[in-house]
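Asker: quick one, fold the following:
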Amino acid sequence: MNILIIPHSIWTGMRGRFDCFIDRLKSKNHLHVISWHMPYPISLNNIRNNFWKSRKEFKEEIETNVTVHHVSRPFVFPPFNRRSVNEQIIEIIDEYDIDIIFSESFLWDFVPPFNKVPVIYDMVDDHLEFFKNAPLTKRIMSSLSRVKDSVMSQIKNSNHTIFVSSVLKDKYGEICQESSIIPNGVHLESFKRADPEKYIDSFGLDDYDWVVGYIGYFGEWSNLYKSAVNIQEFLEKNNGLLIIVGIGPEAEKLKKDFGDNERFLFTGMIDPREIPPLAKTFDIGLLPFKKCPYTDAASPIKYFEYAAAGSRVVSSPLEEIKRIKFKNTVFFDKIEDINMAMEIASDLDFNHSELENSLKKYDWDVLSLNLNKILKSMVFD
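Answerer: Coordinates of the predicted model:
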């Protein structure tokens, strides 16, 4: 199949759901991936890039069966680009005999045409809830980008909608033509092969009785700062170390205030291939997101990575995580209770073989097969 993919954000090379699907779909399909320039910040260079540079100048086959197509956004204000972008998408559909569109977009510019080929919408987050409680600048951007119109249009008009969580399906499923759930997952084989020894040696982890890890982008939902402050008692009492893997404003703030704390280790961003060996050093993985409708509907990749590493998990009571029912997880209600949850987790005894069996359906290979079946049913049935 020739599949046109519209990502939910610019393809930066950071590993995520989109990349995991591409890795597995490209062996039997030709994938055409849309790329674009951001119109912001407003500058002469950005305006020039978006107005003058054509799609063909940016078409590039980056690897076998994966072609990236640049789509120009000629106007500074995103909603005004809808017609121009749609015309370019239609050109790609016609020129490359596209069989189906797989869209993750939440931007009005990139809502695909629904009258050319079948469209599958992959709802990777509750975008409406994200912007509803976001800072004022992001709410303004949401209005300018017509996020609500984009999301609702694709849910209603796509031939099939894939939800990343059962919470999302419960909320939006009734307005779809067809729908299914494909959660996020983990590459189990990479964790089975991973050797944590180099991190045990380089970080001196044998000097600690408990290694706690938190992986992710540490933005407004992460709760990193309050979590780290509140688990200091556990770390001191139990000779523990907190390894903070990633970047973001919460990590910067914590490093500024507690950078000299010997119980905190900041790695910054690391190669995604290094996540499995590093995660296998964690006795406890943290998932202390602020609880709200947005995070309740999330399917955090790090949760499955912690489980694949054989770690216990301490988490806020996120609805989708509670529904998964992994036996390695301890929940806390208030951030002030996270220290007690750490103590409970440290005594938690769970069946590792049972957890491994529960994880099998979340392997990216299995999830990608499920996606490929849906794609083929839309094209060939």
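
Asker: and the contacts of stretch 84-95?
Answerer: Contacts with stretch 84-95, where a contact means C-beta atoms under 8 Å, 6 or more residues apart in numbering, come from 4, 6, 32, 34, 36, 55, 69, 71-75, 98, 101, 109-113, 116-117. The C-beta positions use only the backbone N, C-alpha and C, and glycine is treated the same way.

Asker: stretch 374-381 now?
Answerer: Outside stretch 374-381, the residues within contact range by C-beta under 8 Å, 6+ apart are 1, 3, 25, 29, 99-100, 102, 118, 120, 159-160, 162, 180.

Asker: now, these that are in strands?
Answerer: For those, membership in strands holds for 3, 100, 102, 120, 160, 162, 180, with DSSP state E as the criterion.

Asker: contacting residues around the first one?
Answerer: By C-beta under 8 Å, 6+ apart, the contact set of residue 3 is 25, 29-32, 98-102, 375.

Asker: nearest to residue 290, of these?
Answerer: Each of the contacts of residue 3 was checked against residue 290 using C-beta to C-beta; the closest is residue 102, at 30.6 Å.

Asker: what's the spacing between the closest one and residue 140?
Answerer: Using C-beta to C-beta, to the nearest Å, we find residue 102 at a distance of 29 Å from residue 140.

Asker: neighbour count winner among these two?
Answerer: Applying other C-beta atoms under 10 Å to residue 102 and residue 140 shows that residue 102 carries more neighbours, namely 27 against 12.

Asker: hmm, the more buried one is touching residue 122, no?
Answerer: Yes. Here residue 102 lies in contact with residue 122, judged by C-beta atoms under 8 Å, at a distance of 6.5 Å.

Asker: emit the ChimeraX select command for whichever of the contacts of stretch 84-95 are buried.
Answerer: Buried members of the contacts of stretch 84-95, identified by 16 or more other C-beta atoms under 10 Å, are gathered into one ChimeraX selection as follows:
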select :4,6,32,34,36,55,69,71,72,73,75,98,101,109,110,111,112,117
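
Asker: next step: the contacts of stretch 84-95 restricted to strands.
Answerer: By the criterion of DSSP E, membership of the contacts of stretch 84-95 in strands covers 4, 6, 32, 34, 36, 69, 71, 101.

Asker: report how many residues lie close to residue 252.
Answerer: 14.

Asker: for residue 156, that is, sorry about that
Answerer: Look at residue 156: counted by other C-beta under 10 Å, it has 14 neighbours.

Asker: state the distance from it to residue 4.
Answerer: Distance of residue 156 to residue 4, computed by C-beta to C-beta: 20 Å.

Asker: equivalent analysis for residue 30, please.
Answerer: As for residue 30, its distance to residue 4 is 10 Å (criterion: C-beta to C-beta).

Asker: again with residue 224
Answerer: Distance from residue 224 to residue 4, counting by C-beta to C-beta: 37 Å.

Asker: got a pLDDT number for residue 135?
Answerer: Turning to residue 135, the model gives it a pLDDT of 79.

Asker: which segments of the chain make up each domain?
Answerer: Following automatic domain parsing, one gets these domains for the chain: 2-185+364-380, 188-360.

Asker: those: lowest mean pLDDT?
Answerer: Set side by side, these give their lowest mean pLDDT on domain 2-185+364-380, at a mean of 86.

Asker: nearest spatial neighbour of residue 331, skipping sequence neighbours?
Answerer: With C-beta to C-beta, 6 or more residues apart in numbering as the criterion, residue 331 has its nearest non-adjacent residue at 4.6 Å, and that residue is residue 317.

Asker: my read is that that neighbour contacts residue 289, right?
Answerer: No. In terms of C-beta under 8 Å, residue 317 does not count as a neighbour of residue 289; the distance is 10.0 Å.

Asker: what does stretch 241-255 rub up against?
Answerer: Contact with stretch 241-255 is made by 203, 205, 208, 210-220, 222-225, 228, 231, 235, 263-270, 275, 278, 281-282, as judged by C-beta under 8 Å, 6+ apart.

Asker: buried ones in it?
Answerer: Neighbour-count burial for stretch 241-255, counted by 16+ other C-beta under 10 Å, picks out 241-248, 250-251, 254-255.

Asker: would you format these as JSON lines with distance to residue 90 and secondary structure included?
Answerer: Conversion of these to JSON lines gives the following (distance: C-beta to C-beta, whole Å; DSSP: H, G, I helix; E, B strand; the rest coil):
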{"residue": "241", "distance to residue 90": "55", "secondary structure": "strand"}
{"residue": "242", "distance to residue 90": "51", "secondary structure": "strand"}
{"residue": "243", "distance to residue 90": "48", "secondary structure": "strand"}
{"residue": "244", "distance to residue 90": "46", "secondary structure": "strand"}
{"residue": "245", "distance to residue 90": "42", "secondary structure": "strand"}
{"residue": "246", "distance to residue 90": "39", "secondary structure": "coil"}
{"residue": "247", "distance to residue 90": "38", "secondary structure": "coil"}
{"residue": "248", "distance to residue 90": "38", "secondary structure": "coil"}
{"residue": "250", "distance to residue 90": "42", "secondary structure": "helix"}
{"residue": "251", "distance to residue 90": "43", "secondary structure": "helix"}
{"residue": "254", "distance to residue 90": "48", "secondary structure": "helix"}
{"residue": "255", "distance to residue 90": "48", "secondary structure": "helix"}
